[in-house]
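Visitor: sharing a model prediction with you, sequence too.
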Amino acid sequence: MGFSEAFKAFWGNYANFSGRASRSEYWYAWLAIWLIFLILGIFSYVSEFIYYVDGLLGLIVLLPMISLGVRRLHDTDKSGWFILMALIPLVGWIIMLVFYCTAGDRGTNRFGEDPLAK
């Protein structure tokens with residue numbers, strides 16, 4: 001999955017907590033969102049209004065980022081509830097990074113079809 005397809009899938013699956021998301025879909029979506037935040041962050045030094053737009057965008061992307069993380073966990077055959085491990089200081093973030101970098105299951109798992117098989 002390419003960069004633009006991943007970004008479209010990110011918004012198309014805004015609140016979809018079922019199914020699976022490939023590694024490329026996950027990391028390309030993160031890259032797109034962080035590039036937007038970087039650009040807004042640079043312009044926030046010029047205008048205070050952009051600072052508030054940046055905060056609003058953070059609230060807007062919160063739900064789709066959580067749903068993307070849950071679907072990425074599903075691809076590695078883990079329950080979406082594992083996303084709560086991110087609330088554990090330091091250790092939780094390291095564990096989640098390992099989960100998100102792990103290759104997904106080939107073929108069908110209990111959460112659905114392989115997203116790369118489509």
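Guide: Yes, it's here. Only a predicted model underlies this, so the values are computations on that prediction, with no experimental measurement involved.
Visitor: need the longest helix for the protein.
Guide: Assignment by DSSP state H gives helix 48-75 as the longest helix of the chain.
Visitor: farthest from the middle of the chain: give me that residue.
Guide: Distance from the C-alpha centroid of the chain, by Cα atoms, centre = their mean, peaks at Val46 (29.0 Å).
Visitor: where does this protein dip in pLDDT?
Guide: By pLDDT under 70, the weakly predicted segments of the chain are 118.
Visitor: where do the helices sit along it?
Guide: For the chain, helices defined by DSSP H occupy the ranges 3-12, 23-43, 48-75, 91-101.
Visitor: relative orientation of the shortest one and helix 23-43 in degrees?
Guide: Read that as helix 3-12. Using axes from the mean of the first three to the mean of the last three Cα atoms, to 10 degrees, one finds that helix 3-12 and helix 23-43 are set 90 degrees apart in direction.
Visitor: just the CA coordinates of helix 3-12, formatted as CSV?
Guide: The C-alpha coordinates for helix 3-12 follow below in CSV (Å, rounded to 0.1, in the frame of the first residue of the first chain):
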residue,chain,number,x,y,z
PHE,A,3,1.4,6.7,0.9
SER,A,4,-1.7,8.2,-0.7
GLU,A,5,-3.7,4.9,-0.4
ALA,A,6,-2.8,4.6,3.3
PHE,A,7,-3.9,8.2,3.9
LYS,A,8,-7.2,7.6,2.1
ALA,A,9,-7.7,4.3,4.1
PHE,A,10,-7.0,6.2,7.3
TRP,A,11,-9.9,8.6,6.8
GLY,A,12,-12.1,6.0,5.1
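Visitor: just to revisit the earlier point, mind giving me CSV with the helices of the chain and columns for mean neighbour count and distance to Gly107?
Guide: From N, CA and C alone the C-beta is placed, and that goes for glycine too. Rendered in CSV, the data for the helices of the chain read as follows (neighbours: other Cβ atoms under 10 Å; distance: least, Cβ to Cβ, whole Å):
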stretch, mean neighbour count, distance to Gly107
helix 3-12, 15, 20
helix 23-43, 16, 16
helix 48-75, 17, 12
helix 91-101, 14, 19
